[in-house]
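# requesting a structural model of the entry that follows:
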Amino acid sequence: MNLKKLPKVELHVHLDGSLKIDTINELTNYQYSKKELEERLIAKQNCQDLNMYLEKFELPLKLLQTKENLTRVSYELCEELKKENVIYAEIRFAPLLHTKKCLDLEEVVIAVLNGLNKSTIKTNLILCLMRGANKKDNLKTIELAKKYLNNGVVGIDLAGAESLYKNELYEDLFRYANELKIPFTIHAGEASNEESIISALNMGAKRIGHGIKAINNEELIKRLKKDKIALEICPTSNINTKAIDNIKNHPIYDLYKQGVLTTINTDNKTVSNTDLIKEYELLLNNFPFKINDIIKMNEYAIECSFLPDKEKNKLHSLYKKELEKINIIK
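Numbers count the residues shown, from 1 in each chain. Okay, here's the model as predicted:
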């Protein structure tokens, strides 16, 4: 079938890793050739690990220090998602990384929300705490998430160099988030092992960013299933960061068949040079997945989104209607 027509939901896409190359070209006053920009922005086969992958964010972050640029790229990401027939997305970014000039954290969040609100696609924000950032700044991000909770923001995350900064360093911050009833996901089990996933769950994470190392631990798989914890899996990105050496060795199919709530995501559309259509094609071409499996994983994404239950029900209904439009009846 035409995968573009399939309705889609995305739970794990980073704003600063998903800028259009043409936009960056314009914002840098065309000082780079397109080839130079691609070298700076897209992870190639010689990318050695997550830390090298994260270097691709350097130029976008330099440009995303004004309200105007933040609003523009947020709107443009929404419009790109619409082209893929994404009907809902939770877009994440770290406000801390956009305060290098004159903006404060709240101004950053408002600027991004202004961009999202210009588009007709339904989206919400997940605010990332950063591994390696000071505790005071991460605490401010949590308090900002609480202020805008269910008013454009639906949760928080912990992002950055997973292998360098263990989850346990941030236990008190997530204890506070739990007290404030802020849902959260944590990047875990990508650059580190399954113990990182276990610690994230012990801290109260309701979803896991990536989480592919769960395949190495049967008891952990049982726990994920029992507690209905979704894995936000990003296949191409996992290959880029060398979390997986080859798509054929990716555990997504095994995790799915064992009943883990697996969801399909892009992570960073520009850095990984991908979109959801490419991700679906990758899985359909390399595993025994069928279209109904892709649909089921989108339904998992709706169920495990950080939306309030009433909005989840509306999204489920919308998803069903969109399937009916393309003659797929669930």
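# show me where the protein has strands.
8-14, 86-93, 122-130, 153-159, 185-188, 207-210, 230-233, 261-264 (DSSP state E).
# now do the first one against strand 122-130, angle only.
Orientation of strand 8-14 against strand 122-130 (axes from the mean of the first three to the mean of the last three Cα atoms, to 10 degrees) gives an angle of 30 degrees.
# what's around the closest residue to D293 other than its chain neighbours, how many residues?
Spatial nearest neighbour of D293, chain neighbours left out: Y256 (6.9 Å); criterion: Cβ to Cβ, 6 or more residues apart in numbering. Bear in mind the C-beta positions are built from the backbone N, C-alpha and C, glycine included. If you count neighbours by other Cβ atoms under 10 Å, Y256 ends up with 22.
# repeat for L81
Neighbour count of L81, defined by other Cβ under 10 Å: 25.
# do L41 as well
21.
# contacts only, for it.
Going by Cβ atoms under 8 Å, 6 or more residues apart in numbering, L41 touches L19, I21, I24, K56, L59, P60, T270, V271.
# among the residues you listed, which lie within helices?
I21, I24, L59, P60 (DSSP state H).
# which of these count as buried?
The neighbour count (16 or more other Cβ atoms under 10 Å) marks I21, I24, L59, P60 as buried among the ones in helices among the contacts of L41.
# disregarding residues adjacent in the polypeptide, which is nearest to the second one?
Spatially, and ignoring its direct neighbours in sequence, I24 is nearest to L37 (6.1 Å; Cβ to Cβ, 6+ apart).
# I'd say the one you found and T23 touch.
No - at 10.5 Å, L37 does not count as touching T23 under the criterion of Cβ atoms under 8 Å.
# let me know the pLDDT of V73.
As predicted, V73 sits at a pLDDT of 98.
# hmm, it is touching T23, no?
Yes - using Cβ under 8 Å, V73 makes contact with T23 at a distance of 6.4 Å.
# neighbour count: the two, which is higher?
Taking neighbours as other Cβ under 10 Å, V73 and T23 compare with V73 leading, 25 against 17.
# for burial, what's the neighbour tally of the closest residue in space to that one that isn't next to it in sequence?
For V73, ignoring the flanking residues on the chain, the nearest one in space by Cβ to Cβ, 6+ apart is L19 at 5.2 Å. Other residues within reach of L19, judged by other Cβ under 10 Å, total 26.
# next: P183.
Neighbour count of P183, defined by other Cβ under 10 Å: 19.
# next, it: phi, psi?
When read as degrees, to the nearest 10, the backbone of P183 gives phi -60, psi 150.
# remind me what the least confident helix or strand in the chain by mean pLDDT packs against, helices and strands.
In the chain, the helix or strand scored least confidently by mean pLDDT, DSSP states H and E is helix 50-54, which has a mean of 82. Applying 3 or more Cβ pairs under 8 Å, 6 or more residues apart in numbering; DSSP states H and E, we find helix 50-54 packed against no helix or strand.
# okay, buried residues for that helix please.
Going by 16+ other Cβ under 10 Å, helix 50-54 has these buried residues: L50, Y53, L54.
# try stretch 102-121
103, 105, 107-116, 119, 121.
# residues contacting it, please?
The contact list for stretch 102-121, computed with Cβ under 8 Å, 6+ apart, reads 15, 65-68, 70-79, 81-82, 86-89, 91, 93, 95-96, 98-99, 123, 125, 127, 140-141, 144, 147-148, 152-153.
# if you set the cut-off to 6 Å instead, what comes out?
Applying Cβ atoms under 6 Å, 6 or more residues apart in numbering, the external contacts of stretch 102-121 come out as 67, 70-71, 74-75, 78, 81-82, 95, 98, 123, 140, 144, 152.
# now swap in stretch 141-156 and tell me
Contacts with stretch 141-156, where a contact means Cβ under 6 Å, 6+ apart, come from 95, 105, 109, 113, 124-127, 129, 177, 180, 182-184, 306.
# what do you get for stretch 307-324?
Outside stretch 307-324, the residues that touch it by Cβ under 6 Å, 6+ apart are P7, I87, Y88, I302, K330.
# what's the answer for stretch 29-38, then?
With contact meaning Cβ under 6 Å, 6+ apart, stretch 29-38 is reached by I21.
# residues of that stretch that come out buried?
Within stretch 29-38, the residues scored as buried using 16+ other Cβ under 10 Å are Y32, L37.
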